[in-house]
Every structure is written in C-alpha cells, then in structure tokens.
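>>> sharing a model prediction with you, sequence too.
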Amino acid sequence: MDSDAARRLTAAFRRMKPEGLPLLYAVLTVGLLIALWGKEVRSGAFLIGDCPYYASATVSLWTDGDLDLKNQLRGGLEIHGRQVALGRSGQWFPKHPVLISILSVPFYGTFGVAGFLFFNLTTFVALASVLWLLCRRHVSQVVATATTLVILEGTFLRAYIYNYSADLLSALLVLSALLFVLERRNLWAGLFLGLSGLAKPTNLFCASIALFFVAARRPRPAALWLILGILPGLFTGALLNLALFGSPLISGYDRTLLLENGVPTTVSHRGFFDLPLWEGVRGQLLSPRVGLLTTSPVLLLAIPGFVILLRRDPWEGLLYLSISEFLFLLFSTYRWWATSHYGNRFLMVPVCLAAVPMALTLERMGQAFSRPSLTARLHPAATRGR
C-alpha cells in the first residue's frame, strides 16, 4: 500500500471519531476477565463442537506443514465421520474453511493450545471495535459503548468468549467490510468480503448483496472497485479447492467423509438445505437453547431503531435488513442449524447488524428520559423550588 493510500485510510479512520475506544477497551477488559475467571486456559477445555477440528488443522500446519489430519486425529471415521473431507488422494482434509486455522498458526506456535483462546479473544475485541465504529457513525461515544457491550454481553455472543469460534472471525470480516462500504472505501471492503468467503462460504451471499447496493448508488464505478477487492479471495479459495479436492468449485463441504453401513462414503452439504422453511423460522426464533428470542431477547430493542434508521438513512437500513433477513431465511432451511452449544452461531452477522438500530433506540430512550417533563415546561415556577 502506497503512502497516499495509507493517508486516505488514516483520514477515513479519523472521520469515524475513534477517541472513545479506550473507554470501550477498559470496560470490555473487565468483562472478559470476569467471564474467564477460574477457566482453564492451557487444557483446551474451550475446544468444543467443531473447534477441535479447526485447531487440529493449525497443529497440522505447524508440525507437518500440511492439512492432512490423519496423524492429528485419533480414531477412525466412527469418531471423526462428518468432520473431515476426503482429499483428491485419500487424505483427511478439513471439512471446514481453513482461514481461521491459518491465521492461528503464530498464536499456536507462541502459546501452544492457549493460543487458540488468545486468538478468539483478539477476534472478540476486534469485533467490538468494529461494532463501536459502526454505532459511532450515528450516536455519541457513550451510547456506542453501551450498545456494543449490550450486543456482546447481552446476547448469545457472550457464550463464545471462552471458545475458538470461526463464526466470530466470519462476523468480524463481514462487519469490517460493511464499515468500509459505508465509508466508501470499496476496494478495502471488497478485500474483506473476499476474506469473509474464505472464513464461511455463505458470506459470499453477503458480498453479492453488498455489491448490489453499492452498484445502486453513485458513483457507479464504486462497484468495480468492490469487485476488484473481492477477486483475490475468490481466486485463493478456488486454488485451494483445486489443490485439496481436484476442482475449484468443490469444497470440503462437498466431500464430507462418513461411514454408511460400515463403508466410507462422501456427502455434500448442499443437499442439507432441505428443512421446511416455517419449521426453521420457528426454531431459530423460539428454541429454548438456540432461539434468538430465548437467548437474546435484548435484540427486540433494535426494532424501533430500524424504523429510525430507515428514515435517517434508507440505504444503510435496507442493506442491514437485506443481509440479516437473507441469512435468517437461508439458515431456516439448513438441516443442522441448531448445532451450536448455545445460541445460533450461524446468525452472528444478523445479531451484530442489530447494533446500529439498537444504538438509535437507546439514544432516543436517553433523550426521552433527559427531556423535561410536560408539567415542568408548562409550569416552570411550580418546579423551581423542588
């Protein structure tokens, strides 16, 4: 990046008014220390669900210099079936995207197993920063800080502090891209959207929606810069698929390895988007363990804020709504949408996108409480001696 581009990026960051971030970091640090108090760091107890497989890919890269997990995973397909993908030469490659595993290599090399938790905490703090900057475009520092803390601590996202979450990384990349879109830094936005596709393939739908919105506003050439930024991520993913699975269009999700009647076979996740839509909608809203309304009822505060945002900036409001509703409906049809230990990790992006409208709601509530009462305005002498 040349010096002129660096100056433009620095100027854009200053326009976001980041002076209040130290307060956010101070409060967030206290919250993280409380959340992690007494928790094991070096044992890997936080590696649950899919986490061990992301971590195993990092270990393989560090120790073997490859992504073949056969010598990292003990046991056969009876244990690891549905969690690995069949490589072009019979290898056990990661089923999941490997971006988080690659980025975690220096953390693992420096801190061992604890490095995975440190990477997750770094991602969490970075996500907090982006949420704060998005909110700060509309509200004061205090309201932006309060909203960010409510989103991170008042929703199911708090359950992913003591974790190693690829979904947190995915949300960070998408939200960062949207921040650059809003600041009209479309090349940077495209780069982050391309990276987000390497973190989670369904993020490419977010990229398509963002591209549509950018193409619909002036100046029209902005969409070309966005596309240019997305291309490196697309090409990298295609080359990786070609190297691992023999085709640029085939990913680990298309070569998932399992045992069927004792015989190794492969299945594609593309066929798993077969759940009746209404069943998924009802579950994603009301499921006791993973439903949005049961694990994150505070998100209801975003509803009046969306009305405010749509009046203030229809383009931004519709962008948030389009991405959120698309992802919600998409995963309503996914057979395995409920496979999270708490909350619906597949909906982290929509939850984070609720931050700006929630901030507007909190700002309006603060203004209402601080406004003098009607009696005081009509009869100031009656309240002067109180």
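On my side now, so go ahead.
>>> list the contacts of residue 298.
150, 154-155, 358 (Cβ atoms under 8 Å, 6 or more residues apart in numbering). For every residue, glycine as well, the C-beta is placed using N, CA and C.
>>> actually residue 229, not the one I typed
186-194.
>>> now those in CSV, with pLDDT?
Converted to CSV, those look like this (pLDDT from 0 to 100):
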residue, pLDDT
186, 96
187, 96
188, 97
189, 97
190, 98
191, 98
192, 98
193, 98
194, 97
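>>> neighbour-wise, which of those leads?
Neighbour counts for the contacts of residue 229 peak at residue 193, which has 30 neighbours (criterion: other Cβ atoms under 10 Å).
>>> list the contacts of stretch 51-61.
Counting by Cβ under 8 Å, 6+ apart, residues outside stretch 51-61 touching it are 44, 47, 66-69, 71-73, 83-84, 94-96, 98, 100-102, 104-105, 108, 113, 116, 163-166.
>>> mind checking which of those land in helices?
Within the contacts of stretch 51-61, residues falling in helices by DSSP state H are 100-102, 105, 108, 116, 166.
>>> please indicate which of those are buried?
100-101, 105, 108, 116, 166 (16 or more other Cβ atoms under 10 Å).
>>> how about the strands in this structure?
84-86, 92-94, 256-260, 263-267 (DSSP state E).
>>> among those, which is nearest residue 315?
Nearest to residue 315, of all the strands of the chain, is strand 92-94, at 38.0 Å by Cβ to Cβ.
>>> of the contacts of residue 298, closest to residue 265?
residue 155 (38.5 Å).
>>> didn't that closest one look like it was pressed against residue 299?
Yes: if you go by Cβ atoms under 8 Å, residue 155 and residue 299 touch, sitting 6.5 Å apart.
>>> what touches both of the two?
residue 351.
>>> centroid residue for the protein?
Nearest residue to the geometric centre of the chain (Cα atoms, centre = their mean): residue 171, 1.2 Å.
>>> for it, which non-adjacent residue is closest in space?
Residue nearest to residue 171 in three dimensions, not counting chain neighbours: residue 348, with 4.2 Å by Cβ to Cβ, 6 or more residues apart in numbering.
>>> how close does the one you found get to residue 101?
Noted for residue 348: a distance of 19 Å to residue 101, by Cβ to Cβ, to the nearest Å.
>>> one more: residue 91?
Residue 91 is 15 Å from residue 101, by Cβ to Cβ.
>>> mind listing what's buried along stretch 279-299?
Quick answer for stretch 279-299 (16+ other Cβ under 10 Å): 280-281, 283-284, 287, 290-292, 295-296, 299.
>>> pipe the residues you listed into TSV and attach distance to residue 120 per row.
Formatted as TSV, those follow (distance: Cβ to Cβ, whole Å):
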residue	distance to residue 120
280	28
281	30
283	27
284	24
287	24
290	20
291	24
292	22
295	19
296	19
299	23
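>>> of the residues you listed, which belong to helices?
Among the buried residues of stretch 279-299, DSSP H puts 280-281, 283-284, 292, 295 in helices.
>>> now flag whichever of these is closest to residue 338.
After measuring these against residue 338 - Cβ to Cβ - the closest member comes out as residue 283, at 6.4 Å.
>>> from residue 156, how far off is that closest one?
Distance from residue 283 to residue 156, by Cβ to Cβ: 14 Å.
>>> and the nearest residue to residue 143 once chain neighbours are set aside, what is it in contact with?
Of all residues not flanking residue 143 in the chain, residue 363 sits nearest, at 4.9 Å (Cβ to Cβ, 6+ apart). By Cβ under 8 Å, 6+ apart, the contact list for residue 363 reads 138-140, 143.
>>> let me know the distance separating residue 363 from residue 182.
Here residue 363 is placed at a distance of 18 Å from residue 182 (Cβ to Cβ).
>>> residue 200: what's it in contact with?
Listed by Cβ under 8 Å, 6+ apart, the contact set of residue 200 reads 97, 166-167, 170.
>>> now do the end-to-end distance for stretch 129-142.
End-to-end distance of stretch 129-142: 14 Å, with Cα to Cα, to the nearest Å as the criterion.
>>> touching it from outside, list them.
For stretch 129-142, using Cβ under 8 Å, 6+ apart, the contacting residues are 16-21, 23-24, 143-145, 147-148, 151-152, 172, 175-176, 178-179, 182, 309, 312, 352, 355-356, 359-360, 362-363.
>>> next one, pLDDT for the residue nearest to residue 171 please.
Looking at residue 348, its pLDDT stands at 98.
>>> over to the one 3 residues further on?
We note a pLDDT of 98 for residue 351 in this prediction.
>>> again with residue 8
The model reports residue 8 with a pLDDT of 61.
>>> do residue 274 as well
pLDDT, residue 274: 96.
>>> that one touches residue 333, doesn't it?
Yes: counting by Cβ under 8 Å, residue 333 is a contact partner of residue 274 at 6.9 Å.
>>> give me the more crowded residue out of the two.
Between residue 274 and residue 333, residue 333 has the larger neighbour count (other Cβ under 10 Å), namely 16 against 9.
>>> relative to residue 89, how far out is the spatially closest residue to residue 310 that is not a sequence neighbour?
Excluding the flanking residues, the one nearest residue 310 by Cβ to Cβ, 6+ apart is residue 317, at 4.0 Å. The gap separating residue 317 from residue 89 is 50 Å, by Cβ to Cβ.
>>> with neighbour numbers in mind, choose between the two.
residue 317 (20 against 8).
>>> okay, the more buried one and residue 127: tell me how far apart.
Relative to residue 127, and taking Cβ to Cβ, residue 317 is found at 21 Å.
>>> residue 340 now?
Applying Cβ to Cβ to residue 340 and residue 127 gives a distance of 17 Å.
>>> got it, and residue 52?
Distance from residue 52 to residue 127, counting by Cβ to Cβ: 23 Å.
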